[in-house]
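Colleague: Fold the stuff below for me.
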Amino acid sequence: MKDIDHIRQQAFVDHGPAPFRMTQSGTLSDLSFAVKDLFDIAGTVTACGNPDRLEGTPAVATAPSVLAMLAQGAECIGKTHTDEVACGMFGTNEFFGTPVNPAAPDRVPGGSSSGSVSAVAAGLCDFALGSDTGGSVRVPASFCGVMGLRTTHGRISTAGVMAMAPSFDTVGWFARDAEVLKRVGTAYFGEIAEATGTRLLLARDAFDIPRADIGAALLPKARALGPEAEVTLYQQGIQHWLATFRPLQLGDLWATLGDWSEVPGRRVSESIAERMALAKSIPAEAIAAAIPQREALTAYLTDLLGEDGVIMIPTAHDLPPVRQAPLEALIEFREKTLALTCVASLCRLPQLNLPATTVEGVPVGLSFIAGPRGDERLLAMAAHWAEGLAA
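Modeller: Sure thing, here's the model as predicted:
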């Protein structure tokens, strides 16, 4: 691992607050946490990884999702770096640099919740808040070998969090162990009971998406957890899922940030400029056609899961790219991993990444997707599954 001071410097923004608490009492009073620089904290600027936003006005209020942690006594130790305006899967940022992946320092940490995952993986805090639209908690958790939860869309308020694609945006968090992960969930959702009668399924076709050695390493790990059945997830074909996801997510992105990105003199990186140009090019007809397709896919998967089902898939299709990977390679990587991450994103479902194994000495994650509002089931089962994966 690189020097801890270097990891801290690369993970945390300079414009964040000094460590502070709201109260000394509460269920999380023994824990420290960091906050992705997409979330407002009163009195500080929310830069969202962009230099123009860094010159903006400090927030006048703290995001409710952050307040929930402060109200339970957790100590906020600072704000963490993000991919520019949350548009990234790798953690790279042309303006502010790339946080360290403590588990594989020559590789990217994953994004866009890059600083948050780096801080947790390095042990700089007990947990960290991130956001997840198309994989921005799940993928970094897999890359850095920690636990990460994307919550059911709409369950935790995104007020005071920069909108990127609002019909997909969710709040999530990272932790190194299942107990802390669950305690954070309890602060949001209330007491979490044992998840009795969980019906574990394995999406057999999803394990053919990663490169062969990763799929071969993950599949026996997943089977050892004792799934009730192996099922076909992509009955409509992988391309159908991607063709539904792309116009909706890009349409959301353009509706939300398009005007901002075209302000004369706006400073954005080359990759963001290209992403915005692509978003602008999506025809309204493609968005209109994808809306009912999304609902049909949601109905299909939620019917498959029912009230008690959880389905296992790989989290990412490959190991994290090396830090010097060219932009073209990152784009190709993103498109392939989106075949996995788009499932929960499209269907607005919660997804948990757990460290499962290593390939070439690099962490590889296994994911668990539950039905709507199944966040508590995932949190209740996380310790049991983590123990099984470690065996």
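
Colleague: can you map out the strands along this protein?
Modeller: Secondary structure of the chain (DSSP state E): strands located at 32-36, 75-80, 127-132, 147-150, 170-175, 199-203, 229-231, 309-314, 351-359, 362-370.

Colleague: distance between the fourth one and the chain's centre?
Modeller: The chain centroid and the centroid of strand 147-150 are separated by 7 Å under C-alpha atoms, centre = their mean, to the nearest Å.

Colleague: And for the fifth one?
Modeller: Relative to the mean C-alpha coordinate of its chain, strand 170-175 is positioned 7 Å out (C-alpha atoms, centre = their mean).

Colleague: Who are the packing partners of it?
Modeller: Counting contacts by 3 or more C-beta pairs under 8 Å, 6 or more residues apart in numbering; DSSP states H and E, strand 170-175 packs against helix 114-121, strand 127-132, helix 138-144, strand 147-150, helix 178-189. (Each C-beta comes from the backbone N, C-alpha and C, glycine too.)

Colleague: And the fourth one, what does it pack against?
Modeller: Which is strand 147-150. Strand 147-150 packs on helix 138-144, strand 170-175, helix 178-189, strand 351-359, helix 375-390, going by 3+ C-beta pairs under 8 Å, 6+ apart.

Colleague: circling back to that earlier point, which stretch among the strands of the chain comes nearest Glu335?
Modeller: Glu335 lies closest, by C-beta to C-beta, to one member of the strands of the chain: strand 309-314, at 15.6 Å.

Colleague: Any buried residues in stretch 369-384, and which?
Modeller: 369-372, 374-383 (16 or more other C-beta atoms under 10 Å).

Colleague: Which one of the helices and strands packed on strand 170-175 lies nearest to Pro314?
Modeller: helix 138-144 (8.4 Å).

Colleague: any idea of the mean pLDDT for that closest one?
Modeller: Per-residue pLDDT over helix 138-144 has a mean of 98.

Colleague: Contacts for it, please.
Modeller: The contact list for helix 138-144, computed with C-beta atoms under 8 Å, 6 or more residues apart in numbering, reads 89, 91, 101-104, 107-111, 113-114, 116-118, 120-121, 130, 132, 147-148, 150, 172, 174, 315-316, 319-320, 337, 341, 344, 351, 353, 355, 362-365, 367.

Colleague: do the same with stretch 174-188
Modeller: 27-28, 31, 65, 68-69, 72, 113, 116-117, 120-121, 123, 126-128, 130, 137, 140-141, 146-149, 151, 155-156, 173, 192, 375-376, 379-380, 382-383, 386.

Colleague: and if we set it to 6 Å?
Modeller: For stretch 174-188, contacts defined as C-beta atoms under 6 Å, 6 or more residues apart in numbering pick out 28, 68, 72, 116-117, 120, 126-128, 141, 146-148, 156, 173, 192, 379, 382-383, 386.

Colleague: So which bits of it are buried?
Modeller: Phe174, Ala175, Arg176, Ala178, Val180, Leu181, Lys182, Arg183, Val184, Gly185, Ala187, Tyr188.

Colleague: Between which two of those residues is the distance greatest?
Modeller: Checking the buried residues of stretch 174-188 with C-beta to C-beta, the most distant pair is Arg176 and Tyr188, at 18.7 Å.

Colleague: and this structure, what are its domains?
Modeller: Following automatic domain parsing, one gets these domains for the chain: 4-189, 199-390.

Colleague: As CSV, the helices and strands packed on strand 147-150 with distance to Ser281 would be great.
Modeller: Output for these, formatted as CSV (distance: least, C-beta to C-beta, whole Å):
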stretch, distance to Ser281
helix 138-144, 25
strand 170-175, 26
helix 178-189, 38
strand 351-359, 29
helix 375-390, 35
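
Colleague: closest one to Ala284 among the strands of the chain?
Modeller: strand 170-175 (25.4 Å).

Colleague: Next, the angle helix 375-390 makes with that closest one.
Modeller: If you take axes from the mean of the first three to the mean of the last three C-alpha atoms, to 10 degrees, strand 170-175 sits at 40 degrees to helix 375-390.

Colleague: Partner strands of strand 170-175, with direction?
Modeller: strand 127-132 (antiparallel), strand 147-150 (antiparallel) (DSSP bridges).
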